[in-house]
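J.: here you go, sequence then predicted model.
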Amino acid sequence: MSTDQIVRTFVEYFEERGHQRITGSTLLPPPGNPVLFTTSGMHPLTPYLEGRPHPLGRRLVNVQRCLRTTDLEEVGDSTHLTVFEMLGSWSLGDYGGPTSLDWGYGLLTEGFGVDPGLIHATAFGGDDQSGPDTDSLRLWQERGVPVELTVEDNWWSNGPTGPCGPDSEIFLWTGDSPPESTPTGDDRWVEVWNHVMMRHRRLPDGSLVPLPQRNIDTGLGLERLASLLQGRRSVFECDVFDPWRRLVPGLWQLDELSLRLVYDHLRSAVVVIGDGVRPANTGRGYVLRRLVRRVLTVLRRDDPSRGLGDLPDELIEHTLDHFCQGEDPEVVRRVLIEEERRFGRLLERGRQVLARPRFQGPLSEEDLHYLHDTHGLPRDLVLNLRETV
């Protein structure tokens, strides 16, 4: 299945079960939301999860693009991306967890053709504030799916306060051998779908109170699912990265880990620019700046002549089209090239500063703070320059 076919199958499956498709938002969260970027499909729906009636009803489905800076250091492995798409389904005070899990199991096995023997589930085992999720446990046992009970791994929250609740996660086996162990015991079990029973609100004192309604919030990573259904070893091998794999290795000779970082960060930067963000020293603009500069650091590590001016138009256009963004590809290119120029000037200044006698020995934390606060040299840039000067 191509990613487009996966999206259609997912949306139609839930539409047949009374869900209305809603339009996914940009990466920029709704006004008043404290997060820099939309990190999950539930962000734009927070008011409705907290009780406000949604104009399209109680059952919703959509595809939402997300950005997670918390995964930035993990990019390059087989499952993590900075910008990705999340397939989501919601029950706003309608059906409960067992129904959601039953439909999820049905879609995976019948709609996507996943072998039931390659599925494992986890569920909340209970703690001193909330009992075990016996409803999910019973559903999985009835379906013959092995289930592992955990505590922290199966409690979903969006921060120290706010909506939260137990969740049940669905994992697929990716090993070459028959399935073994459990999701917490073997990382060849890869999480693909999280079903959150959003029932509570955590208060500042840590206590839980019931939400006005019991909701179901599910999230299924599109690229991760596509890589598994397409028999690929990593998200970077699924079809959405086909143009990147075809064009970039011949342009820049890099090892596989570096190629993955370049694919991810440049693709993410294009999406962020397409949603109206521009490089800056704080906030969203700093996230964009960091993405671009991490790419430039990798490109110039072995060859200072490498630059973003060589980036094929096709990759920018393909990314903007895939995420249905109306930004002019030439505008995106100009933003990237200008940021590259700024980075070049910063590198030159950094080399001059680090050549001073004060910085010839090992750098202390005080030195790193001084270099950042006084000269605008981020820690990762300083450390990289120390390796090359």
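T.: The structure has been received and is ready for your questions.
J.: partner strands of the one helix or strand Thr122 maps to, with direction?
T.: According to DSSP states H and E, Thr122 maps onto strand 119-124. Sheet pairing here is set by DSSP bridges, and for strand 119-124 it gives strand 147-150 (parallel), strand 162-173 (antiparallel).
J.: single out the most deeply packed of those strands.
T.: strand 162-173 (a mean of 23; mean count of other CB atoms under 10 Å). Where C-beta positions appear, they are placed from N, C-alpha and C, glycine not excepted.
J.: give me the distance between Arg358 and Phe236.
T.: Distance, Arg358 to Phe236, by CB to CB, to the nearest Å: 42 Å.
J.: the two: which is more packed in?
T.: Using other CB atoms under 10 Å, the more surrounded residue of Arg358 and Phe236 is Phe236, with 24 against 10.
J.: how about the more buried one, what does it touch?
T.: Ser78, Trp244, Arg245, Leu259, Arg260, Tyr263, Asp264 (CB atoms under 8 Å, 6 or more residues apart in numbering).
J.: hmm, back to that, same question for the strand holding Thr122, mean pLDDT?
T.: Strand 119-124 carries an average pLDDT of 98.
J.: which regions of the protein sit below the pLDDT cut-off?
T.: Applying pLDDT under 70 to the chain flags the ranges 71, 387-389.
J.: ok so, going back, flag every buried residue along the strand holding Thr122.
T.: Ile119, His120, Ala121, Thr122, Ala123, Phe124 (16 or more other CB atoms under 10 Å).
J.: CSV for these, including distance to Leu336?
T.: Output for those, formatted as CSV (distance: CB to CB, whole Å):
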residue, distance to Leu336
Ile119, 42
His120, 42
Ala121, 43
Thr122, 41
Ala123, 45
Phe124, 44
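J.: need the max-distance pair from those residues.
T.: Farthest-apart pair in the buried residues of strand 119-124 is Ile119 and Phe124; separation 18.2 Å (CB to CB).
J.: which other helices and strands does the lengthiest helix in the chain contact?
T.: Scanning the chain for the helix with the most residues, using DSSP state H, yields helix 329-354. When contacts are defined as 3 or more CB pairs under 8 Å, 6 or more residues apart in numbering; DSSP states H and E, helix 329-354 packs onto helix 256-274, helix 283-300, helix 313-322, helix 365-375, helix 379-388.
J.: so which of these comes closest to Val190?
T.: Val190 lies closest, by CB to CB, to one member of the helices and strands packed on helix 329-354: helix 256-274, at 16.6 Å.
J.: who does the closest one touch, helix- and strand-wise?
T.: strand 59-67, strand 83-92, helix 242-251, helix 283-300, helix 313-322, helix 329-354.
J.: redo the ones you listed as JSON lines? Include distance to Thr161.
T.: Supplementary listing: the helices and strands packed on helix 256-274 in JSON lines, determined by distance: least, CB to CB, whole Å:
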{"stretch": "strand 59-67", "distance to Thr161": "21"}
{"stretch": "strand 83-92", "distance to Thr161": "21"}
{"stretch": "helix 242-251", "distance to Thr161": "39"}
{"stretch": "helix 283-300", "distance to Thr161": "22"}
{"stretch": "helix 313-322", "distance to Thr161": "35"}
{"stretch": "helix 329-354", "distance to Thr161": "36"}
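J.: ranking those by burial, who's on top?
T.: Mean neighbour count (mean count of other CB under 10 Å) peaks for strand 83-92 among the helices and strands packed on helix 256-274, with a mean of 24.
J.: who does that strand pair up with?
T.: Partners of strand 83-92 in the sheet, by DSSP bridges, are strand 59-67 (antiparallel), strand 208-221 (antiparallel).
J.: work out the gap between the longest one and the centre of the chain.
T.: In other words, strand 208-221. Centroid separation between strand 208-221 and its chain, computed with CA atoms, centre = their mean, to the nearest Å, is 20 Å.
J.: could you do stretch 303-316 as well?
T.: Averaging C-alpha positions (CA atoms, centre = their mean) puts stretch 303-316 25 Å from its chain's average.
J.: what about that stretch, start to end distance?
T.: One end of stretch 303-316 to the other measures 23 Å (CA to CA, to the nearest Å).
J.: so what touches that stretch?
T.: Contacting residues not belonging to stretch 303-316 are listed as 243-244, 247-248, 251-252, 266-267, 270, 292, 295-296, 299-300, 329, 332-333, 336-337, 340 [CB under 8 Å, 6+ apart].
J.: and if you look at stretch 173-185?
T.: Outside stretch 173-185, the residues touching it (CB under 8 Å, 6+ apart) are 117-120, 122, 146, 148, 150, 153, 169, 171, 186, 188-191, 228.
J.: mind listing what's buried along it?
T.: Buried residues in stretch 173-185, counted by 16+ other CB under 10 Å: Trp173, Thr174, Pro179, Thr182, Pro183.
J.: and what of stretch 41-54?
T.: Gly41, Met42, His43, Pro44, Leu45, Thr46, Tyr48, Leu49, Glu50, His54.
J.: over to stretch 20-38?
T.: Applying a neighbour-count criterion of 16+ other CB under 10 Å, one finds Gln20, Ile22, Gly24, Ser25, Thr26, Leu27, Leu28, Pro29, Leu36, Phe37, Thr38 buried in stretch 20-38.
J.: TSV for those residues, including secondary structure and distance to Gly350?
T.: Shown next, in TSV, are the buried residues of stretch 20-38 (DSSP: H, G, I helix; E, B strand; the rest coil; distance: CB to CB, whole Å):
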residue	secondary structure	distance to Gly350
Gln20	strand	53
Ile22	coil	46
Gly24	coil	39
Ser25	coil	38
Thr26	coil	34
Leu27	coil	30
Leu28	coil	31
Pro29	coil	33
Leu36	coil	26
Phe37	coil	28
Thr38	coil	33
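J.: just send the residues you listed back as JSON lines, with distance to Thr134 too.
T.: Formatted as JSON lines, these follow (distance: CB to CB, whole Å):
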{"residue": "Gln20", "distance to Thr134": "31"}
{"residue": "Ile22", "distance to Thr134": "32"}
{"residue": "Gly24", "distance to Thr134": "34"}
{"residue": "Ser25", "distance to Thr134": "35"}
{"residue": "Thr26", "distance to Thr134": "39"}
{"residue": "Leu27", "distance to Thr134": "38"}
{"residue": "Leu28", "distance to Thr134": "40"}
{"residue": "Pro29", "distance to Thr134": "35"}
{"residue": "Leu36", "distance to Thr134": "38"}
{"residue": "Phe37", "distance to Thr134": "36"}
{"residue": "Thr38", "distance to Thr134": "33"}
